[in-house]
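J.: My questions are about this predicted structure, shown below with the sequence.
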Amino acid sequence: MRFLIPILVLLLAPFACLAERVEVWPGQGALARAIATARPGDELVLGEGTYAGPVQIDKPLTLTGPRARIDGPGEGSVIMVTAPDVTISGVTITGAGARLSEFDSGIRLLKGAQGARVEGVTLIGNLIGIDVHGARGVTIRGNRIEGRNDLRVPERGPGIYVWNAPRLLVENNTITKGRDGVFITTSDEAVYRSNRFSDLRFAFHSMYANRIEVTENISHGNDMGFAFMYSTRLIVERNLSEGDANHGFFMNFANKAELRQNEVRSGGDKCLFVYNSNHNFFDANRFAGCGIGVHFTAGSQGNVLTGNAFVGNRTQVKYVGTRWLEWSDGARGNYWSDQAGFDVNGDGLVDSPYRPNDSIDQLVWSQPAARLLMGTPAVQLIRWSQSRFPGLLPGGVIDSHPLVSPEGAGLPQGDPS
């Protein structure tokens, strides 16, 4: 055995030295030819200029070139990767097709592309920027993806499309235009952090995505910020939704999620929408400047809200139901900017419970025409009576231990904004 090991080292050494740095220059078919003749492990360095796609990478390679542009013919995908351990960095990619059914993309990472890395790439005007389609252990970092807004919204593609891609890392990307920034369907165990999204339908959209982490992302000026649907065991922390038109955070059949220190600023219709979502934990989030602070509906159960701040929303809570929901945990509730109260003993809690809604609110939500009666003496008498005798209330949200101050809710100081 002591002779066998040196012999194996000598036999394998030449293969370890085969990989080399290969310079490639523009020309007809230059990129496709360079890939075809490259050996596994080679680094192809593209010189300044434009190269024709589409191309397929079917062996482990590194493809780089900060002044190189790869143009597709306007149909299909520009670069398709089917081999493991491929790295694409620095290049600019454009010219994908416009067929959503075929996942036309700037870069497609298929099932064999385990461990692929896409870093520092600029993708402009492609239907889908990067499609991670069955590849595991992929890293997508520091890219700029600008999609297409010249199509109708249903015809546009996402910046990053994810399907069946466990152990995915998506970080420090800037994604603008197109339909969704990140769209996930049926893919678990991933980290999405420190990305910036703008001019999109949804910044972040998960469907059937379990055990994912969504942290320190920024959504600015989109139709909707962060949407979680049919997903479970989510960690959602320190994200910012600023100026999003409809919802800051949207939860539909999302269960066992933890949302901490997220923030909605200058929101649109609703800061937080919770629909048929159960056993979630909302802690130290700040929801400010929306038409509705939180819309809670469809029998959502077992949710805990504590330490959150609801600031300057026209309607703090919209809840239609006959059950009482206690929104405090361990004698620690939430801050409500419209509550006028006192803290006589100085324990940081308002001395009276907070009840955001009464029977008149529920009447108006179910019968909008009833708004015409809001200023009548009869309606004012009903509201005054319910405020003095809470037993007349039909059920709803109650915070028995509201906070005096919003301090500690929302993004920590020093986080990006």
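T.: On my side now, so go ahead.

J.: Spell out the secondary structure type for G137.
T.: coil (DSSP: H, G, I helix; E, B strand; the rest coil).

J.: Just give me the neighbour total for it.
T.: 16 (other C-beta atoms under 10 Å). C-betas here are computed from N, CA, C, even on glycine.

J.: Can you verify my assumption that it contacts Q114?
T.: Yes. In terms of C-beta atoms under 8 Å, G137 counts as a neighbour of Q114; the distance is 5.5 Å.

J.: Grab the most central residue of the protein for me.
T.: For the chain, the residue nearest the mean C-alpha position is F204 (2.9 Å; C-alpha atoms, centre = their mean).

J.: Can you name the residues bridging to that one?
T.: V182, F226 (DSSP bridges).

J.: and the chain, what are its domains?
T.: Domain segmentation of the chain under automatic domain parsing yields 48-362, 363-393.

J.: Now for I212: which residues touch it?
T.: Counting by C-beta atoms under 8 Å, 6 or more residues apart in numbering, I212 makes contact with 184, 188-192, 206, 231, 234-235.

J.: H247: which of those residues is nearest?
T.: S206 (14.1 Å; C-beta to C-beta).

J.: Quickly find the element holding that closest one.
T.: Per DSSP states H and E: S206 is located in strand 202-207.

J.: Give the other helices and strands that that strand contacts.
T.: strand 180-185, strand 212-215, strand 224-229 (3 or more C-beta pairs under 8 Å, 6 or more residues apart in numbering; DSSP states H and E).

J.: Could you rerun that using 10 Å?
T.: On a contact count with 3 or more C-beta pairs under 10 Å, 6 or more residues apart in numbering; DSSP states H and E, strand 202-207 meets strand 160-163, strand 180-185, strand 190-193, strand 196-198, strand 212-215, strand 218-220, strand 224-229, strand 247-252.

J.: what about Q301, neighbour count?
T.: Neighbours of Q301 (other C-beta under 10 Å): 10.

J.: same deal with E48?
T.: With other C-beta under 10 Å as criterion, E48 counts 11.

J.: related to what we said a few turns ago, now do the shared contacts for G137 and Q114.
T.: 84-85, 165, 167 (C-beta atoms under 10 Å, 6 or more residues apart in numbering).

J.: for the strand holding S206, the distance to its chain's centre please.
T.: 5 Å (C-alpha atoms, centre = their mean, to the nearest Å).

J.: can you map out the helices along the stretch 51-200 of the chain?
T.: Assigned by DSSP state H, counting those that start in this stretch, the stretch 51-200 of the chain shows no helices.

J.: Flag the shaky bits of it, pLDDT-wise.
T.: Within the stretch 51-200 of the chain, no stretch has pLDDT under 70.

J.: What residues sit buried inside stretch 197-215?
T.: Residues of stretch 197-215 classed as buried: 197-207, 209-210, 212-215 (neighbour count, 16 or more other C-beta atoms under 10 Å).

J.: Give me the distance from it to the chain's centre.
T.: Using C-alpha atoms, centre = their mean, the offset of stretch 197-215 from its chain centre is 3 Å.

J.: Any idea how far apart the tips of that stretch sit?
T.: Taking C-alpha to C-alpha, to the nearest Å, stretch 197-215 runs 13 Å from one end to the other.

J.: burial of G293, as a residue count?
T.: Neighbour tally, G293, other C-beta under 10 Å: 31.

J.: so it, which of the three states?
T.: strand.

J.: Please look at it and W327 and confirm they touch.
T.: No. Counting by C-beta atoms under 10 Å, G293 sits too far from W327 to count as a contact (11.5 Å).

J.: hey, what's in contact with both of the two?
T.: 308, 317, 334, 336, 356.

J.: In CSV, list those residues along with pLDDT, secondary structure and neighbour count.
T.: Formatted as CSV, the shared contacts of G293 and W327 follow (pLDDT from 0 to 100; DSSP: H, G, I helix; E, B strand; the rest coil; neighbours: other C-beta atoms under 10 Å):
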residue, pLDDT, secondary structure, neighbour count
N308, 96, coil, 29
V317, 90, strand, 23
N334, 94, coil, 29
W336, 92, strand, 24
P356, 71, coil, 22
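
J.: In which helix or strand does I35 reside?
T.: Counting by DSSP H and E, I35 is found in helix 30-37.

J.: Roughly how far does the nearest residue to P353 once chain neighbours are set aside sit from S328?
T.: Of all residues not flanking P353 in the chain, S400 sits nearest, at 4.8 Å (C-beta to C-beta, 6 or more residues apart in numbering). S400 sits at a distance of 5 Å from S328 (criterion: C-beta to C-beta, to the nearest Å).

J.: what's the overlap in contacts for these two?
T.: With C-beta under 10 Å, 6+ apart as the test, S400 and S328 both reach 349, 353-354.
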